[in-house]
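Novice: coords below, sequence missing:
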């Protein structure tokens, strides 16, 4: 095995260890999943704590529903 091949294998293993540290820990908890959960907690907390945020969230959900209907449902999955 050449030196270049050994070096490539070593670099690959090292990168895999470092990247996997951010993607999943020993218990199988993913870092990205934790970030999503944190975002949900912050949004729900803001919804409860800030009355003006309720209007924003309501408008956001209405706009997302409209966007889904006009762009996804009607254009991507049209019915006959």
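Specialist: Looks like it arrived, so ask away. This structure is a prediction, so every number in the text was calculated from the model and none was measured.

Novice: Ramachandran angles for residue 78?
Specialist: phi -70, psi 150 (degrees, to the nearest 10).

Novice: any low-confidence regions in this protein?
Specialist: 1, 4, 8, 15-30, 80 (pLDDT under 70).

Novice: how about the helices of it, start to end?
Specialist: Secondary structure of the chain (DSSP state H): helices at 3-23, 31-49, 51-67.

Novice: Redo those helices as a markdown table? Include distance to residue 79.
Specialist: Placement of C-beta: from N, CA and C, glycine included. Shown next, in a markdown table, are the helices of the chain (distance: least, Cβ to Cβ, whole Å):
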| stretch | distance to residue 79 |
| --- | --- |
| helix 3-23 | 39 |
| helix 31-49 | 32 |
| helix 51-67 | 18 |
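
Novice: between these, which one is nearest to residue 78?
Specialist: helix 51-67 (16.0 Å; Cβ to Cβ).

Novice: Show me what that closest one is packed against.
Specialist: Under the contact definition 3 or more Cβ pairs under 8 Å, 6 or more residues apart in numbering; DSSP states H and E, helix 51-67 sits against helix 31-49.
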